[in-house]
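[1] Show me how the following folds:
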Amino acid sequence: MSAQSALLLATLSLAACSAAEIPTPERVPAPAAAPAPAAAAPSASAAAPATASAAAPAPAVPRDPNVDKLQIAAQVDSRAYDMVRSLVDEVGPRLAGSLGDKAAVAWALRTMKEKGLENVRAEKVMVPHWERGPESGRILAPHGHTLAITALGGSVGTPGKGLEGEIVMVESLDAMAAMDEAKVKGKIVFFSAAMTRTKDGSGYGKVAGIRHRGAVAAAKKGAIGVLLRSLGTDHDRLPHTGAMAYEKDVPKIPAAAISVPDAELLERLVGQGKPVRVSFSLGAKLLPDAESANVIGEVKGREKPDEIVLIGAHLDAWDLGRGAIDDGAGCAAVVEAARLVLGLGARPRRTIRVVLFANEENGLRGAFAYAKDHAAELDKHQLALEIDLGAGRAHTTRFLIDEASRPLAERIASLVTPLGLQYDKGPAHGGADLIPLRAAAVPLVDLHQDATNYFDVHHTANDTLDKVTKEDLDQVVGAVATVAWAAADAPETFARVPEALRKR
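    Here you go, the predicted structure:
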């Protein structure tokens, strides 16, 4: 155990001892029935967008002995790392529609049941089924070089013999839109924008639109294909894949990412002013939709079991790596948090629902299916959280709420300060799978994780178990368990998110 963990454990142990000494009984069975919940009071605050503020410790409030128990258990008895190991070793790549995806659903059902979660089930979702196929690329002139290349998720394949053409280099979508069509027609567009390393991952958001919409922008100018500098902060010769999209009535052209060192080479060659020619071949193809599932398990509430605190992650993962940090760590964190709550011997007022979403990576079909399947109870979702930024330590808490619920948010935020999290009054963003819930006015919370190194391996073959640090993952588990318990057991109900804040 590190000095940091030992200090945290000692602090929490003292807090637990100074609270009323409540023995931890055996697990309490799920209640058979509960009285109907009272309706939430309407918001009294104006529907104005929240403004960001500097992160700071949340106001101090009396400790909840159950929170202390959860945080200690996360440090000394977490099984999250073993859960990630099981998922990546026994299942591995699990892109939507693949055999790995089916194996992941079976793994999730089995694991949730083994951990004691209740009402475990798979809810059917039809997902896109895209296969990568063989892929290769090469700089032909002015100097030969084999490219480390991978198709973007959803790309069409190249013609049988591949594509060959002259490179035209642009940095952004705006630059592409401003370019003369005559300079692009019949050529291969190379997007050269570099991603910036940041702790909060914001550098990714600034360039992700190029990957998503670059092929459409280039095709509108007559390009025959697209190459993209990988959206990553590493300098490994491993390309980063990721989802892209096409538009109706715009030609579908092949699109691929190349490794950062290869992109920098290409940029240098173009900068010399000589024509640069490349060729690449992609065997990608889109097959008919396939059946997958959102996998759900619960900790049933004692008083208001029909009110829900959702903690989620996505079960699918790209086919290049093992999906350890994206998003095996998130899956393990939320399932383990629920297991620790079950081990308290006490039940929260509301139900804690774990959702492992299908098809986050290339479609969000699971997210939208969940919102549709549970539309009748979305107004009873007290709070929603998604863990999808690897296994780095959580450092900041943010909420997307009506200001009428700010005191409740601050109280919950204060409970994770012993774990090293600061509280920021700025609005939560919410994970991608929570987009439909945000639109339905469900309050959200973010546990921002340290993403400094996350995009070194994100969506690459390097997404493997060795990138997960047990101690950091256990800290995330403690934060998730704390927030889930506190929101589920709170006497108050969060007001709905104001309409002005519902669009992501």
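
[2] where does the spatially closest residue to residue 266 that is not a sequence neighbour land in three-state SS?
    With sequence-adjacent residues excluded and distances taken as C-beta to C-beta, 6 or more residues apart in numbering, residue 266 is closest to residue 190, at 6.0 Å. All C-beta spots, glycine's among them, are computed from the backbone N, C-alpha and C. The three-state assignment at residue 190 reads strand, by DSSP: H, G, I helix; E, B strand; the rest coil.

[3] my guess is residue 190 meets residue 265, correct?
    No - look at residue 190 against residue 265 with C-beta atoms under 8 Å: they stay out of range, at 11.2 Å.

[4] Just give me the residue closest to the centre of the chain.
    Most central in the chain under C-alpha atoms, centre = their mean is residue 388, positioned 2.5 Å from the mean C-alpha point.

[5] List the residues that contact it.
    313, 314, 326, 327, 330, 360, 431, 432, 433 (C-beta atoms under 8 Å, 6 or more residues apart in numbering).

[6] Same check on residue 494?
    Contacts of residue 494 (C-beta under 8 Å, 6+ apart): 40, 382, 383, 401, 402, 405, 408, 409, 443, 487.

[7] quick check, nearest of these to residue 321?
    Proximity of those to residue 321 (C-beta to C-beta) peaks at residue 383, which lies at 31.3 Å.

[8] so the closest one sits in a helix?
    No - under three-state DSSP, residue 383 sits outside any helix and is assigned strand.

[9] thinking residue 305 is in contact with residue 348, fair?
    No - because the distance of 9.9 Å does not satisfy C-beta under 8 Å, residue 305 is recorded as not touching residue 348.

[10] what about those two, which has more around it?
    Here residue 305 and residue 348 are compared on neighbour count by other C-beta atoms under 10 Å; more neighbours surround residue 348, at 25 against 22.

[11] So residue 190 and residue 265 - more neighbours on which side?
    Neighbour tally, residue 190 and residue 265, criterion other C-beta under 10 Å: the higher count belongs to residue 190, 25 against 17.

[12] Look up which residues are beta-bridged to that one.
    residue 169, residue 227 (DSSP bridges).

[13] picking up where we left off before, quick one: which of the contacts of residue 494 sit in strands?
    Taking DSSP state E, the ones among those that sit in strands are 382, 383.

[14] Please determine how far the residue nearest to residue 266 is located from residue 307.
    52 Å (C-beta to C-beta, to the nearest Å).

[15] same check, this time on residue 265
    56 Å.

[16] now swap in residue 135 and tell me
    48 Å.

[17] Check residue 433 too.
    20 Å.

[18] Then residue 260?
    Taking C-beta to C-beta, one finds residue 260 at 47 Å from residue 307.

[19] Next, count neighbours for residue 121.
    12.

[20] hang on, it packs against residue 296?
    Yes - between residue 121 and residue 296 there is a contact at 5.7 Å, judged by C-beta under 8 Å.
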